[in-house]
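Chemist: just to be clear, the model below is a prediction. Sequence and coordinates:
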Amino acid sequence: RSVVLFSFLLVAALLMLGVVLFVGKPLSTDALSIAKRNTILPGILALSFMGIALGGFIRKWKVWPLALALLLILTAFDVSRYAAKWMPFDPRVYVSPSMGVTDYLQKTVGENRVFGNFGNEVASFFGIQSLDGYDALYNKRFGEFVSSVSDGTIGEPQRSVVLVPKGGKYTQKALNLLGVKYLAHRLSDGRNVWAYPYWNYPGYQSLYKDAYYEVLENTAALPRAFLVSRYELRTSPQEILHLLWSTAFSLGDSVILEERPAIEPENGSGSVIVTSYLPNEVTLTVQSESPKLLFLSDSYEKGWQATVDDVVTPVYRADYAFRAVSVPGGAHVVRFTYRPESLTFGALFAGIAILILGVGSVKY
């Protein structure tokens with residue numbers, strides 16, 4: 001009865017909506033035309049859905065798998081229709097056409113990061129690593145790190161945007177730590193407040209310039225991954241940031257950890273080469289005379305796992321929001337892989353659900 005009642009109410013609601021739009025005409029001519037077009041197909045889909053459902057419940061179809069398949073086809077069609085309507089499946093040349101500056105950055109940047117007023121919307125499209133953008137997916141700790149760049153204190157991360165303050169007290173130091181080797185400066189921004197004031201900092205060198213953009217190299221930027229022989233232990237979030245931004249702390253020579261590492265680092269030379277950088281896996285080749293801490297300026301997250309020569313090793317949170325691992329002396333291959341427990345549990349539950357559906361289909 002509830003299914004029949006719901007179907008009756010749905011049909012009544014659709015009829016009332018049709019009367020309002022096609023008879024009452026409550027909107028302007030242009031808006032009314034759009035409203036009619038956006039009502040007809042969803043109305044037909046809703047009626048078809050209810051018709052199939054009612055047929056299955058009222059007549060007790062023995063071929064209910066066919067009815068279920070029809071419902072799934074209708075749902076898939078409607079979802080695909082909305083995807084085609086709202087998402088940009090147009091040719092790439094119409095969405096984000098290539099420009100001289102994007103072509104240059106794609107060839108030059110590599111695993112280094114870029115900063116400037118172009119947003120992650122452009123950076124992701126062209127495979128360029130940047131720091132900020134709208135609708136960014138990031139963890140709270142990184143958001144707090146970005147907020148601290150302004151004056152050294154922890155602020156509340158913004159809900160759907162990551163914006164590194166252009167005039168922050170510690171912005172340049174943060175750019176150096178995060179391996180931001182390139183600055184894309186839009187010439188029309190000039191020296192306005194929304195542009196990053198690179199002219200106030202020594203070490204920026206012009207590499208490329210066209211009619212719209214200039215690309216400058218930040219020669220003070222640290223590598224995306226580097227080795228250190230010293231570390232400081234801090235557990236309080238504000239204490240970590242206070243030390244990190246202080247003039248007494250030398251970036252690239254030491255890191256701040258929240259727990260003691262398994263292997264104590266020692267003095268000695270060493271080098272790191274990024275051999276592969278993928279969204280879910282980073283591989284590095286390390287050569288050192290003595291045990292070291294390897295720092296990678298990518299966000300720390302519990303789902304990241306690390307191995308040294310295929311042996312699992314702990315990943316430490318370093319410099320408030322990033323990653324570090326202990327590496328013995330000698331030549332080694334370090335690999336970071338993203339394998340969150342939630343993915344494993346999700347796959348397990350999905351497999352159980354599929355098994356239950358399969359058993360239920362055979363039984364009935």
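Modeler: Nice, I can see it.

Chemist: can you show me the CA trace of the host helix or strand of Lys173 as CSV?
Modeler: Assessed by DSSP states H and E, Lys173 sits inside helix 171-177. Extracted in CSV, the C-alpha atoms of helix 171-177 (Å, rounded to 0.1, in the frame of the first residue of the first chain):
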residue,chain,number,x,y,z
THR,A,171,55.2,32.9,2.9
GLN,A,172,58.6,32.9,1.4
LYS,A,173,60.0,30.5,4.0
ALA,A,174,57.0,28.2,3.3
LEU,A,175,57.6,28.3,-0.5
ASN,A,176,61.3,27.4,0.1
LEU,A,177,60.3,24.5,2.4
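
Chemist: for that helix, what is the average pLDDT?
Modeler: Averaged across helix 171-177, the pLDDT comes to 96.

Chemist: what about the chain, any weak spots by pLDDT?
Modeler: The chain contains residues with pLDDT under 70 at 1-4, 53-65, 67, 87-89, 360-364.

Chemist: center of it - which residue?
Modeler: Per C-alpha atoms, centre = their mean, the C-alpha nearest to the average position across the chain is that of Leu137, at 3.8 Å.

Chemist: confirm that that residue sits in a helix.
Modeler: No: looking at Leu137 with DSSP: H, G, I helix; E, B strand; the rest coil, it is coil, so not inside a helix.

Chemist: list the contacts for it?
Modeler: Leu137 makes contact with no residue, according to C-beta atoms under 8 Å, 6 or more residues apart in numbering. Yep, even glycine has a C-beta here, placed from its N, CA and C like the rest.

Chemist: that one and Val109, how far apart?
Modeler: 21 Å (C-beta to C-beta, to the nearest Å).

Chemist: contacts only, for Phe126.
Modeler: Ser96, Ser98, Thr102, Leu105, Gln106 are the contacts of Phe126 under C-beta under 8 Å, 6+ apart.

Chemist: no wait, Thr102
Modeler: So, once contact is read as C-beta under 8 Å, 6+ apart, Thr102 ends up touching Val122, Phe126, Ile128.

Chemist: can I get those in JSON lines with secondary structure and distance to Ile240?
Modeler: Shown next, in JSON lines, are these (DSSP: H, G, I helix; E, B strand; the rest coil; distance: C-beta to C-beta, whole Å):
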{"residue": "Val122", "secondary structure": "helix", "distance to Ile240": "32"}
{"residue": "Phe126", "secondary structure": "helix", "distance to Ile240": "34"}
{"residue": "Ile128", "secondary structure": "coil", "distance to Ile240": "29"}
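
Chemist: Ser33: which of the residues you listed is nearest?
Modeler: Val122 (34.6 Å; C-beta to C-beta).

Chemist: the closest one: how many residues sit nearby?
Modeler: 19 (other C-beta atoms under 10 Å).

Chemist: so what's the backbone phi/psi at the nearest residue to it once chain neighbours are set aside?
Modeler: Using C-beta to C-beta, 6 or more residues apart in numbering and skipping residues adjacent in sequence, the residue nearest Val122 is Ser96, 6.3 Å away. Backbone torsions for Ser96, taken as degrees, to the nearest 10, come to phi -140, psi 80.

Chemist: for Ser96, give its distance to Arg113.
Modeler: 19 Å.

Chemist: which one's more surrounded, these two?
Modeler: Comparing Ser96 with Arg113 by other C-beta under 10 Å, the one with more neighbours is Arg113, at 20 against 14.

Chemist: so what pairs up with the more buried one in the strands?
Modeler: Gln129, Val180 (DSSP bridges).

Chemist: thought it was touching Leu177?
Modeler: No: checked against C-beta atoms under 8 Å, the pair Arg113 and Leu177 is beyond contact range at 10.6 Å.

Chemist: Gly168 and Gln106, how far apart?
Modeler: Gly168 is 28 Å from Gln106, by C-beta to C-beta.

Chemist: out of those two, which sits in the more crowded spot?
Modeler: Gly168 (19 against 13).

Chemist: where does the more buried one fall, phi/psi-wise?
Modeler: According to degrees, to the nearest 10, Gly168 has phi -70, psi 150.

Chemist: same thing with Arg186?
Modeler: According to degrees, to the nearest 10, Arg186 has phi -80, psi 120.

Chemist: may I see the buried residues of stretch 129-140?
Modeler: Gln129, Ser130, Leu131, Asp132, Gly133, Ala136, Tyr138 (16 or more other C-beta atoms under 10 Å).

Chemist: thought the first one was touching Phe115?
Modeler: Going back to what we said before, that points to Gln129. No: between Gln129 and Phe115 there is no contact under C-beta under 8 Å: 10.2 Å.
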